[in-house]
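Undergrad: Give me the fold of what follows.
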Amino acid sequence: MIGASVLLTIAIGVLGPSAMVPALSGPAWQPPYSLDVHPSPYLVIALAATALVLGGVGLLTALIVTRTPATTEARSPGPVPRAPRALPSPRALVLIGCVAAAILAFLPPSGSGDHLNYAAYGRMLTLGLSPYTHGAVDLPGDPIADAVEDPWREEPSVYGPVATALQAVASWVGGDSLRLTMFVLALFNAAAFIATGLLVDRFTRHDPARRLRAALLWTANPLLLYHLVAGMHVDTLAIACMVAALLARNRPAGSGVLLGLGVATKLNAGLVALGPAWELRRRPARLALMAACALAVVVIGYAIAGPEAITPVTRTSKAISHASFWKLVQGWLQSIVGTGSAYRGEIQVGSLLVLALIAWSLLRLASRSRRTTRHPPPATPVHRAHMAAHDASGRPA
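TA: Residues are numbered from 1 along each chain as shown. Okay, the predicted model is just below:
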């Protein structure tokens with residue numbers, strides 16, 4: 001199912017411009033490449049839906065099959081169960097995911113139009129305009145800005161200076177060609193995805209079970225390949241910085257710099273910094289060093305971009321996405337009380353309360369898991385006899 005999902009995601013890009021794949025202007029010999037057959041919108045939407053369903057079910061099944069949580073170890077004092085041999089090795093899954101990401105980089109992005117905004121913001125910077133005060137509508141007749149879809153043509157950039165700098169590099173390389181600009185952005189995106197997968201694989205290499213689950217959760221995850229790589233969202237770059245920061249947290253200065261780069265890519269990535277901050281809560285000197293390095297990178301980045309880079313973020317932080325369940329809450333409130341208010345303030349408070357509840361629940365779950373692991377229940381007489389027979393014979397009784 002995972003393999004079929006990835007192949008369907010690749011097929012959507014191979015077919016070329018469609019309801020799922022925005023058309024890209026530029027010389028046909030330039031990457032990304034496709035068959036340009038203009039498939040039916042019903043076909044590509046069905047392919048996308050099938051890819052998501054197969055990918056979700058396949059991933060869930062694989063995670064259940066490979067489940068070896070600490071609670072299982074605590075409940076069963078016997079040997080830790082190994083991952084089933086019928087499944088691919090973690091190295092094979094990592095290789096498959098990296099190859100899929102590399103292939104998708106050479107295909108036109110699908111499932112989103114955000115990449116068109118990225119190209120336009122980079123274009124503005126190369127032409128001397130600030131993407132934080134202008135939208136695509138301010139570049140009429142431009143071959144890059146004209147590709148931006150409604151209703152985003154008037155929206156300035158909400159992304160950090162690191163993301164904007166990479167977008168400007170892609171625009172400088174691509175020039176008037178939207179295809180080539182998009183290809184450079186896709187290379188950045190795929191490289192970040194692959195680098196994250198390799199970092200996580202290296203970090204878990206001493207534990208085969210965790211290494212397998214890590215490969216399933218990131219590199220060979222068909223849902224992430226569909227959303228982050230084929231959809232080419234800038235979140236991939238921020239995630240790469242944050243994962244590297246978490247893995248380098250024994251070096252507070254380096255970890256802080258990486259955290260700062262992630263926040264300077266997309267501001268809400270800063271939520272990840274709460275993890276190492278909590279871990280270092282009893283080591284204030286290391287925490288202060290990490291926080292200072294992260295803050296320095298963010299301040300320098302936004303100082304270069306200018307104070308206008310903050311304004312779009314503060315404005316859009318009050319917006320409610322149509323893809324969010326809070327949109328349903330907003331509609332429900334308006335149907336009961338009236339449409340005179342957008343209820344944005346109330347929904348912001350509600351979202352923070354939900355976030356706090358989730359964080360508290362996760363902390364309780366992690367604390368309970370640690371206590372169970374440290375103090376497993378005593379072995380039963382039957383199990384002690386079983387282990388004695390195992391030790392005496394050298395093989396299972």
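
Undergrad: list the buried ones in stretch 238-251?
TA: 238-249 (16 or more other Cβ atoms under 10 Å). The C-beta positions use only the backbone N, C-alpha and C, and glycine is treated the same way.

Undergrad: ok, of these, which one's closest to Gly56?
TA: Distance to Gly56 across the buried residues of stretch 238-251 (Cβ to Cβ) is lowest for Ile239, with 19.7 Å.

Undergrad: mind checking the SS state of that closest one?
TA: What DSSP: H, G, I helix; E, B strand; the rest coil gives for Ile239 is helix.

Undergrad: Tyr118 and Ser25: what is the separation?
TA: For Tyr118, the distance to Ser25 (Cβ to Cβ, to the nearest Å) stands at 15 Å.

Undergrad: Neighbour count for these two, which is higher?
TA: Tyr118 (28 against 14; other Cβ atoms under 10 Å).

Undergrad: What strand or helix carries that one?
TA: Per DSSP states H and E: Tyr118 is located in helix 114-126.

Undergrad: what does the helix or strand immediately after that helix in the chain rub up against?
TA: Counting by DSSP H and E, the next helix or strand C-terminal to helix 114-126 is helix 161-174. Residues from elsewhere that reach helix 161-174 (Cβ atoms under 8 Å, 6 or more residues apart in numbering): 26, 118-119, 121-123, 125-126, 131, 144, 157, 159, 180-185, 188, 234, 237-238, 261, 264-266, 301-302, 304-305, 309.

Undergrad: just the buried members of those?
TA: Buried among the contacts of helix 161-174 by 16+ other Cβ under 10 Å: 26, 118-119, 121-123, 125-126, 131, 144, 157, 159, 180-185, 188, 234, 237-238, 261, 264-266, 301-302, 305, 309.

Undergrad: and the helix or strand containing Arg211, which residues are buried?
TA: Per DSSP H and E: Arg211 is located in helix 208-217. Under the neighbour-count criterion of 16+ other Cβ under 10 Å, helix 208-217 has 209-217 buried.

Undergrad: Which stretches in the stretch 251-397 of the chain count as helices?
TA: 252-263, 274-279, 284-305, 311-316, 325-337, 344-374, 381-393 (DSSP state H, counting those that start in this stretch).

Undergrad: and which of the buried residues of stretch 238-251 is nearest Val53?
TA: The nearest member of the buried residues of stretch 238-251 to Val53, counting by Cβ to Cβ, is Ile239 at 24.3 Å.

Undergrad: Spatially nearest residue to the closest one (excluding sequence neighbours)?
TA: Thr196 (6.2 Å; Cβ to Cβ, 6 or more residues apart in numbering).

Undergrad: that older thread, what's the following helix or strand after the helix holding Arg211?
TA: Next element after helix 208-217 (DSSP H and E): helix 222-224.

Undergrad: what does that following helix contact?
TA: With Cβ under 8 Å, 6+ apart, helix 222-224 has contacts from 2, 5-6, 9, 51-52, 54-56, 58-59, 193, 218.

Undergrad: Kindly report the same for stretch 47-64.
TA: With Cβ under 8 Å, 6+ apart, stretch 47-64 has contacts from 1-2, 4-6, 8-9, 11-12, 20, 87, 110-111, 213, 216-217, 221-223, 226.

Undergrad: Isn't Ala23 up against Asp36?
TA: No. Contact criterion Cβ atoms under 8 Å: Ala23 and Asp36 do not qualify, at 9.1 Å.

Undergrad: Which neighbours do those two have in common?
TA: What both Ala23 and Asp36 touch, as defined by Cβ under 8 Å, 6+ apart, is the set Pro17.

Undergrad: by contact count, what packs against the helix holding Arg211?
TA: Counting contacts by 3 or more Cβ pairs under 8 Å, 6 or more residues apart in numbering; DSSP states H and E, helix 208-217 packs against helix 41-65, helix 90-105, helix 178-203.

Undergrad: Show me what stretch 94-106 is in contact with.
TA: By Cβ under 8 Å, 6+ apart, stretch 94-106 touches 3, 6, 9-10, 13, 31-33, 88, 183, 186-187, 189-190, 193-194, 197-198, 201, 215, 218-221, 225, 229-230.

Undergrad: among the residues you listed, which ones are buried?
TA: Buried, going by 16+ other Cβ under 10 Å: 6, 9-10, 13, 31-33, 88, 183, 186-187, 189-190, 193-194, 197, 201, 215, 218-221, 225, 229-230, out of these.

Undergrad: Please produce TSV containing the contacts of helix 222-224, extended by distance to Gly175 and pLDDT.
TA: Shown next, in TSV, are these (distance: Cβ to Cβ, whole Å; pLDDT from 0 to 100):
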residue	distance to Gly175	pLDDT
Ile2	38	95
Ser5	35	97
Val6	32	97
Thr9	29	97
Ala51	33	97
Leu52	35	97
Leu54	39	97
Gly55	36	97
Gly56	40	96
Gly58	41	95
Leu59	40	95
Phe193	26	98
Trp218	34	96
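
Undergrad: For those residues, which two are the farthest from each other?
TA: Leu54 and Phe193 (20.3 Å).

Undergrad: returning to what we had before: now render the helices and strands packed on helix 208-217 as CSV, adding distance to Ala359.
TA: Output for those, formatted as CSV (distance: least, Cβ to Cβ, whole Å):
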stretch, distance to Ala359
helix 41-65, 23
helix 90-105, 29
helix 178-203, 22
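
Undergrad: circling back: could you name the helices and strands sitting against the helix holding Tyr118?
TA: Using 3+ Cβ pairs under 8 Å, 6+ apart: helix 114-126 touches helix 161-174, helix 178-203.
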